[in-house]
Structure formats: structure tokens, C-alpha cells
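Trainee: curious how this folds, go ahead:
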Amino acid sequence: MKPFDRRLLVYARDARTYIVLLSLAGIASAVLVVAQSLLIAGAISPVIDGTAVFSDVAHLIAWLVAVFAARMLITYWQEAYGHRAALRVIADLRQRVLQRAGDMGDRWLANGHTSPTVTLVTDGIEDLEPYFVKFLPQLVLTMTVTPLTLFVILWLDWLSAIAIIVCIPLIPIFMILIGKMTQSYSDARLASMQRLGAQLLDLLAGLTTLKALGREQGPRARVKHLGDDFAAKTMQTLYVAFLSGAVLEFLATLSTALVAVEVGLRMVAGHLGLFAGLSIIMLTPEVFRPLREVGTQFHASANGVAASTQIFDLLENEKPEAHGNTRAPDLRNNPIRISDLSVQAPGRATIAPAHLTALIPPGDVTVLRGKSGSGKSTTVSVLLGMVHPSAGSVTVGEIPLSDIAMDSWWKQITWVPQRPVIVPGTIADNVGAPMGPELAEAARLTGFDDVVASLEDGWNTAIGQGGVGLSVGQRQRLALTRAIVEARPLVILDEPSAHLDAMSERYVSQTVAALKERGHTVVVIAHRTAILEVADHVVDVVAEEGAEVEAAR
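Mentor: You can find the predicted model right below:
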């Protein structure tokens with residue numbers, strides 16, 4: 001486990017400024033530590049020797065007070081700025097991980113990466129804060145305070161400096177030995193936390209089904225086992241941290257005591273002056289303190305270091321398939337052509353869709369029809385650029401979709417998935433449109449005006465994550481209303497009537513018809529007759545079982 005990973009400077013820009021300022025603060029701290037010890041020795045030694053009185057050293061005491069105040073201010077600044085820098089770095093890394101996970105696509109997430117990624121960007125990355133606030137400052141002090149104080153001791157008395165140099169390697173040796181143990185425990189703790197998080201996310205997602213079947217108590221033993229395992233791994237990590245602190249404290253104390261005994265005997269024998277002796281005795285703990293604290297704080301921040309290692313590995317090793325840089329053509333004027341499109345289902349000998357050829361003309365309604373598992377949603381994912389074809393191609397106008405920059409492509413698409421994204425806030429916040437005739441007309445077309453009228457607070461009704469507070473059908477109507485208000489040239493609806501009854505299905509038909517009248521190209525995944533009746537083109541999507549990718553080419 002590396003005490004400092006250079007990739008942090010690459011992926012977290014705010015860390016660079018923090019480390020530079022931290023280095024400057026470390027140099028200032030080193031100077032102040034040396035000044036403090038020399039001022040104390042300079043004020044005490046002449047008084048004890050009888051060569052000066054208190055008034056003679058009053059100015060040194062005044063300087064000593066100023067040094068104390070400066071050290072307190074630097075320590076306060078390090079911790080305060082460290083917390084802010086840590087929060088900025090954590091936010092930056094979290095955004096990068098979420099962006100990379102989104103770029104990897106739905107299939108990568110579905111292949112066992114969703115729950116570990118969620119755990120990593122929530123609890124896992126939060127453990128990085130002690131690394132910034134506690135460990136990095138001590139690491140900088142090790143590179144500034146330790147060599148400077150050792151140099152001053154060498155200037156005062158070379159024998160004491162040699163004694164310290166002999167003792168110093170003991171601390172890093174034990175740090176390395178204990179660090180290897182800590183790495184395995186921290187990695188095991190993070191893996192245990194990810195397993196527990198994955199189980200809880202799965203249970204929350206399927207809780208309604210489990211309750212409907214009367215099986216909600218079934219997973220209790222499994223959750224308890226995972227919770228106990230996580231608690232045990234956490235206690236193992238804490239055990240090593242306490243062990244590390246005790247060992248390092250003992251070694252630092254023993255080394256300081258050896259130097260103090262050596263200095264004291266030479267002072268009694270008259271081979272070392274009082275000023276030099278007092279300075280060395282006070283500076284010796286400052287030589288060992290940063291080394292000792294590095295070991296202690298490193299183990300306290302080891303969980304964050306383990307999480308950051310996974311983050312950097314994800315950002316470096318998991319590469320999404322590259323897209324082109326060509327600006328997307330105007331979808332109001334250019335058709336979309338699907339030519340012999342085939343997509344290999346991951347982990348299965350199935351091609352879905354298989355050999356799909358279709359034309360999506362601008363301004364028309366195109367319905368994708370097929371059995372469950374035939375590849376309709378996969379076809380939409382290909383159109384969105386989130387899944388790459390195993391064979392065949394998609395062209396927009398005369399430009400292959402693979403050559404188009406996705407940002408310019410997505411700016412022309414409105415997508416309503418089977419599970420629309422609804423964030424905590426009010427209904428008006430989720431629609432994202434000002435109150436007015438346009439919003440009222442959109443709500444009328446989708447039937448959402450009846451839903452709003454039935455709510456006490458109307459458009460200002462608060463809803464939770466995922467639309468908690470609304471029924472599944474009401475959430476679908478909300479998503480359709482939002483789609484009309486923010487409609488772009490291409491509107492893709494993934495089974496918009498799946499959660500609606502036959503009476504409510506007419507609202508979907510009205511929505512599709514209204515979008516077409518306004519000149520939008522509409523692609524709908526649908527089975528029901530009402531949607532097929534408003535379609536200009538119906539494309540049958542089929543799958544091919546027991547096939548390989550090569551068979552599709």
C-alpha cells in the first residue's frame with residue numbers, strides 16, 4: 001500500500017494546490033519547531049547558570065510566545081484547509097467515477113459492477129478524508145521537520161546526531177511490517193462493505209416483491225452474516241491500528257530516552273553545555289514525532305487509501321469504447337438507418353437483436369415490436385450510443401453513429417426509460433418547466449393534470465427519490481409530461497404504457513400524436529394496439545438463440 005499515490009495529482013486537481021500549500025506550511029513548522037526549542041534553551045540555560053536574570057531573557061520569552069502562536073495558527077490552518085480540500089477532492093473523484101461508470105454503459109454496470117461502484121462512491125470514498133486531514137500533513141512534516149531538526153542537532157553535537165540516526169530506521173522498519181498486515185485487513189474490510197452494500201441494494205430493489213410473496217424475513221440471516229463479517233473486519237483493522245500506535249510510541253519513546261540518557265551523562269561529565277543539552281533533549285522528540293504520527297495516521301486512513309486505489313484502477317483500467325468527434329447531423333432533417341444490426345447478449349449464446357434492418361424517417365412515429373428478450377431495449381441502447389453493435393451499423397444521414405460525438409448526439413434526444421429518473425423535490429422541480437399554457441397542455445395530453453388536481457399541494461407536492469409518493473403509473477405520466485415540455489428532435493419512449501391500464505393508455509397515444517404534430521421523430525417500444533395505431537412504421541425485432549457473434553457478421 002503506497003503512502004502517497006501519484007495518481008491522486010492526476011485525477012484530483014484540488015489535491016495539487018493543497019499539497020503545495022501543505023509543503024510550505026511544513027517548512028514553516030520545521031523552522032518554528034527549531035526556533036521554539038532554541039528559544040526555550042536560550043532563555044533557561046543562562047538563568048540556571050547564573051549568568052543572566054529574568055529581565056535579560058524577557059525578549060526571548062516574548063519571541064517564544066510569538067512562535068507558540070504561529071505554530072497554533074499553522075496547525076489550525078492545516079486542519080481547516082485540509083477538511084475543505086478533502087471534501088473538494090472527494091467530490092471530484094466521485095464525479096469522475098460516476099462519469100466513468102456512465103460511460104461504461106448499462107451492460108458493464110449490470111455485470112456485477114453496480115453495487116461495488118455505489119458502495120465505492122458513498123461510504124468507501126468518504127474514508128479518504130482522514131488521509132488528507134491527518135496523514136498527508138504528517139508525511140510532509142516527516143520530509144521537513146525531521147531533516148531540519150536532525151541537522152540542527154548535528155550542528156549542536158554530532159555524537160547525539162549519530163545516536164538518533166542509528167535509532168531512526170527502527171520506526172520505518174516496523175511501519176512497513178505492520179503496514180503489510182494493514183493492507184490486507186483494509187482491502188478485506190472494503191470488500192466486505194461492498195458485499196454488504198450489494199446485498200442491501202438488492203433487497204431494497206426487490207422488497208416489494210418479497211413482501212408480496214411473504215418472504216421479506218428470508219434474507220435476515222444472510223444480512224446478519226454479512227453485517228457480522230463487516231464488523232469483524234472493521235475490528236481487525238482497528239486492532240492493527242492500535243497495535244501500530246503502541247509499537248511506534250514505544251520505539252519513539254525508547255529512542256528519545258536513549259538520546260536523553262546519553263546527553264545527560266555527558267552534561268554531568270562536563271562534556272556538553274547546558275544550552276546544547278537542553279536543545280538536543282527538546283529537539284529529539286520532534287525528530288521522531290512526525291515518523292511516529294505518519295505510522296499512526298496511515299493506519300487510521302488506510303481504508304481511504306484502499307478505496308482510492310480501487311478508484312484509480314477503475315479510472316485507468318476500465319476504458320469505455322471510444323466514440324468519434326464528428327458533430328451530429330440535424331435529426332429534424334436526417335433519417336436514421338439501421339443496417340443488419342446484431343448485438344451479442346453478454347454471457348449468453350443469444351443475439352438480440354439479430355440482423356435488424358430498419359429506417360427511421362424524420363418526423364414519423366416508428367414502433368419497435370417484438371417478444372420479451374428480442375432486443376428492443378438493446379436496440380434503443382445502440383441508438384443512444386450506450387451499447388456498441390457486435391455486427392452491423394447505425395448511420396445518421398450519411399455519418400456512422402460510431403463517428404459522432406455523443407455530446408452533440410444526446411443534445412438532440414429526449415429519452416423516457418422504463419424506470420424514469422425522478423429526484424427528490426417537488427413535482428414542478430422534476431418537470432423543470434415554468435407554469436404556463438405549455439405545461440398545462442402537456443399535462444392535459446398525458447392525463448397528469450388529473451394527478452396534480454388530486455394532490456393537496458398540486459405542483460408543489462414533495463416527492464422522494466425515484467418518485468416515492470406517486471404510484472408507478474403516475475410516475476410514468478410525470479415522465480411523459482416532462483418529455484413533451486423538453487422534447488428534442490428525437491424522442492425515444494421505452495414501453496411508456498407498461499405501467500398504465502387500458503383507459504390510461506390513450507394518454508400515451510395522445511402524447512405520441514402530439515409529438516409527431518410538432519415535428520418530432522418518435523421511436524416507441526410498444527406491444528399494445530393503441531400505440532400501433534398511431535405508428536407510421538412498425539419494425540419487428542427478433543432474437544437468434546444458440547448463435548455466436550460471428551454468425552451475425
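Trainee: quickly find the element holding Val539.
Mentor: strand 537-540 (DSSP states H and E).
Trainee: partners of the helix or strand following that strand in the sheet?
Mentor: Downstream of strand 537-540, the first helix or strand assigned by DSSP H and E is strand 544-545. Strands that pair with strand 544-545, judged by DSSP bridges, come out as strand 350-351 (antiparallel).
Trainee: any idea which helix or strand comes after the strand it pairs with?
Mentor: Using DSSP H and E, the helix or strand that follows strand 350-351 in sequence is strand 356-360.
Trainee: that next one pairs with which strands?
Mentor: Looking at strand 356-360 with DSSP bridges, its paired strands and their directions are strand 336-342 (antiparallel).
Trainee: pull out the buried residues from the strand it pairs with.
Mentor: Neighbour counts over strand 336-342 (16 or more other CB atoms under 10 Å) mark 336-339, 341-342 as buried. Heads up, the C-betas are built off the backbone N, CA and C, glycines and all.
Trainee: hang on, Val524 in a strand?
Mentor: Yes. Val524: assigned to a strand according to DSSP: H, G, I helix; E, B strand; the rest coil.
Trainee: count the residues that sit near it.
Mentor: 29 (other CB atoms under 10 Å).
Trainee: list the contacts for it?
Mentor: Residues near Val524 by CB atoms under 8 Å, 6 or more residues apart in numbering: 365-368, 492-493, 496, 512, 531, 535.
Trainee: make TSV from those residues and add pLDDT to it.
Mentor: Shown next, in TSV, are the contacts of Val524 (pLDDT from 0 to 100):
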residue	pLDDT
Val365	92
Thr366	92
Val367	92
Leu368	92
Ile492	92
Leu493	90
Pro496	81
Val512	88
Ile531	78
Ala535	88
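Trainee: filter the residues you listed down to just the ones in strands.
Mentor: Using DSSP state E, the members of the contacts of Val524 that fall in strands are 365-368, 492-493.
Trainee: in TSV: the residues you listed, plus neighbour count and distance to Leu8.
Mentor: What follows is the ones in strands among the contacts of Val524, written out as TSV (neighbours: other CB atoms under 10 Å; distance: CB to CB, whole Å):
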residue	neighbour count	distance to Leu8
Val365	24	51
Thr366	19	48
Val367	23	50
Leu368	28	46
Ile492	21	39
Leu493	28	43
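Trainee: closest one to Gly270 out of the residues you listed, please.
Mentor: Distance ranking of those against Gly270, using CB to CB, places Ile492 first at 91.6 Å.
Trainee: and whichever helix or strand Leu93 is part of, what does it pack onto?
Mentor: In this structure, Leu93 sits in helix 58-104 according to DSSP H and E. Packing contacts for helix 58-104, counted by 3 or more CB pairs under 8 Å, 6 or more residues apart in numbering; DSSP states H and E, involve helix 7-11, helix 13-49, helix 125-126, helix 129-130, helix 136-156, helix 302-317.
Trainee: chain center to the first one, what's the gap?
Mentor: Helix 7-11 has its C-alpha centroid displaced from the chain centroid by 14 Å (CA atoms, centre = their mean, to the nearest Å).
Trainee: give the buried residues for it.
Mentor: By 16+ other CB under 10 Å, the buried positions in helix 7-11 come out as 7-8, 11.
Trainee: for the residues you listed, give me JSON lines that also has distance to Val97.
Mentor: Output for these, formatted as JSON lines (distance: CB to CB, whole Å):
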{"residue": "Arg7", "distance to Val97": "13"}
{"residue": "Leu8", "distance to Val97": "14"}
{"residue": "Tyr11", "distance to Val97": "10"}
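Trainee: return the member of those residues nearest to Val65.
Mentor: Using CB to CB, Leu8 is the member of these that sits closest to Val65, with 38.0 Å.
Trainee: now that closest one: closest residue in space, sequence neighbours ignored.
Mentor: Ala15 (5.1 Å; CB to CB, 6 or more residues apart in numbering).
Trainee: how many neighbours does the one you found have?
Mentor: 21.
Trainee: what sits against it?
Mentor: Taking CB under 8 Å, 6+ apart as the test, what Ala15 contacts is 8-9, 85, 89, 132.
Trainee: Val534 contacts Thr511, doesn't it?
Mentor: No. At 9.7 Å, Val534 does not count as touching Thr511 under the criterion of CB atoms under 8 Å.
Trainee: which of those two has more residues huddled nearby?
Mentor: Between Val534 and Thr511, counting by other CB under 10 Å, Thr511 is the more crowded of the two (28 against 18).
Trainee: just checking, that one touches Ala479?
Mentor: No. Look at Thr511 against Ala479 with CB under 8 Å: they stay out of range, at 10.3 Å.
Trainee: find residues that contact each of the two.
Mentor: The contact sets of Thr511 and Ala479 overlap at Pro496 (CB under 8 Å, 6+ apart).
Trainee: what average pLDDT does stretch 147-157 get?
Mentor: Summarised as a single mean, pLDDT over stretch 147-157 is 86.
Trainee: pull out the buried positions in that stretch.
Mentor: For stretch 147-157, the buried set under the neighbour-count rule, 16+ other CB under 10 Å, comprises 148-150, 152-153, 156-157.
Trainee: nearest to Val382 among these?
Mentor: Leu148 (62.1 Å).
Trainee: from Gln78, how far off is the nearest residue to the closest one once chain neighbours are set aside?
Mentor: Nearest in space to Leu148, with sequence neighbours left out and distances taken as CB to CB, 6+ apart, is Ala30 at 4.2 Å. According to CB to CB, to the nearest Å, Ala30 and Gln78 sit 13 Å apart.
Trainee: re the thing from before, from the buried residues of stretch 147-157, pick the one nearest Leu315.
Mentor: Nearest to Leu315, judged by CB to CB, of the buried residues of stretch 147-157 is Leu148 at 36.7 Å.
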